[in-house]
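1. Next comes the sequence, and after it the predicted model I'd like to discuss.
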Amino acid sequence: MDKLIAIYRYKNPYNELEQSKGSYYLLHLLTDEGALKPELMHRYCQEFDVDKPEGEVGFGPFESVDEITKFCFHISEDLRLPYIGLHSMDEFNTILEESSKVSDLLEALSSGGNILENISITQRKTFLQRVFDRN
């Protein structure tokens, strides 16, 4: 998979009459090894000043999908993962309904969603690559 898969949701404000905006929450972060370990997630949340509010499902609140993207880039940089796949909860539910096996689900999550390239990882070249590129 060589990718960080992030699943997020949007939460509307409690009162539609208020002028407050809704918030985004990060529900799941997956790599080819499975869900991110709690101690890693805790560290990333501290580094990026993200909470796991009591009574809420997920980490946040984030003001926008861009904020979630920045958080995911921070994690993918540390884990040296070249790609990020962002899925909304609605996209994830659709994929889940269409998948008959776990392998189908994993393939759809890996290949679908909003795929972002972490060019700081994909364009890094090793010393040997640079030497061979000169010829």
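-> Yep, that arrived. Residues are numbered from 1 along each chain as shown.

2. How about the contacts made by P61?
-> Listed by C-beta atoms under 8 Å, 6 or more residues apart in numbering, the contact set of P61 reads K11, S23, Y24, Y25, P53. Any C-beta I mention is one placed from the backbone N, CA and C, and that applies to glycine too.

3. L40 now?
-> No contacts exist for L40 under C-beta under 8 Å, 6+ apart.

4. looking at this, it is in a helix?
-> Yes - judged by DSSP: H, G, I helix; E, B strand; the rest coil, L40 forms part of a helix.

5. Next one: it relative to N12, how far apart?
-> To N12, L40 is 30 Å away according to C-beta to C-beta, to the nearest Å.

6. Over to S111?
-> 30 Å.

7. longest helix anywhere in this protein?
-> In the chain, taking DSSP state H as the definition, the longest helix is helix 65-79.

8. okay, the angle between the helix or strand just after it and helix 65-79?
-> On the C-terminal side of helix 65-79, the closest following helix or strand by DSSP states H and E is strand 83-88. Calculated by axes from the mean of the first three to the mean of the last three C-alpha atoms, to 10 degrees, strand 83-88 forms an angle of 150 degrees with helix 65-79.

9. Identify the farthest-apart pair in the contacts of P61.
-> Of all pairs drawn from the contacts of P61, the one with the longest distance (C-beta to C-beta) is Y24 and P53, at 12.7 Å.

10. Specify which residue of these two has the higher count of neighbours.
-> Y24 (21 against 12; other C-beta atoms under 10 Å).

11. Hmm, that one is touching E63, no?
-> Yes - when contacts are counted by C-beta atoms under 8 Å, Y24 is listed as touching E63 (7.3 Å).

12. ok, now how distant is I68 from N12?
-> I68 is 17 Å from N12, by C-beta to C-beta.

13. out of those two, which sits in the busier spot?
-> Per other C-beta under 10 Å, whichever of I68 and N12 has more neighbours is I68, with 21 against 10.

14. For K3, see how far away the residue nearest to the more buried one when sequence neighbours are not counted is.
-> Closest residue in space to I68, ignoring its immediate chain neighbours: F62 at 4.9 Å, by C-beta to C-beta, 6 or more residues apart in numbering. Separation of F62 from K3 (C-beta to C-beta): 20 Å.
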